[in-house]
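Chemist: Sequence and predicted structure below; questions after.
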Amino acid sequence: MSSSTYNLIQSQNSLLSNMITESKNKNTTYNQKSIYQGGDIAMLNTINNYLLFVYYIIVFVLFYYLYYDEKYNRFRKFFIIILFLVYPYLVNLLKDYLVKMVLYIYSIINVNVYENKY
């Protein structure tokens, strides 16, 4: 084996070693980031549950006043009650749909034809 071939292999090994080290460092960073963000997600889920509970308390108070109000007929009251009960779930589906549409439009507008794989 010639000296130039040996030097070429050594430089490739060095390059591969650096790439492996970078990859391990990134994985460690991502793991720490996910652990840190996991606590935030749990806290946000708890806050979301409390807010949903408060929402339903407000809705039941509204139902009480709606029940004793004589302005609306029975069908309209029933429709309003169903609408308020289903609203938190429908708004979440609508939000998910809008976010997916915006991301889709953004991906169409911001297209990179030439991808750098190195």
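Modeler: Cool, the structure landed.

Chemist: From Phe60, how far off is Phe78?
Modeler: 15 Å (Cβ to Cβ, to the nearest Å). The C-beta positions use only the backbone N, C-alpha and C, and glycine is treated the same way.

Chemist: Domain map for this protein?
Modeler: 1-69, 70-109 (automatic domain parsing).

Chemist: which stretches of the chain form helices?
Modeler: In the chain, the helices defined using DSSP state H lie at 3-68, 74-109.

Chemist: For the domains of the chain, give me a markdown table that also has mean neighbour count.
Modeler: Below are the domains of the chain laid out as a markdown table (neighbours: other Cβ atoms under 10 Å):
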| stretch | mean neighbour count |
| --- | --- |
| domain 1-69 | 10 |
| domain 70-109 | 10 |
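
Chemist: I'd like those written out as TSV, with mean pLDDT added.
Modeler: Below are the domains of the chain laid out as TSV (pLDDT from 0 to 100):
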stretch	mean pLDDT
domain 1-69	81
domain 70-109	87
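
Chemist: list the contacts for Lys24?
Modeler: Not one residue lies near Lys24 by Cβ atoms under 8 Å, 6 or more residues apart in numbering.

Chemist: How much space separates it from Asn18?
Modeler: In this view, Lys24 and Asn18 are 11 Å apart by Cβ to Cβ.

Chemist: Next: Leu66.
Modeler: Remark: distance between Leu66 and Asn18 (Cβ to Cβ) = 68 Å.

Chemist: try Tyr87
Modeler: Distance from Tyr87 to Asn18, counting by Cβ to Cβ: 54 Å.
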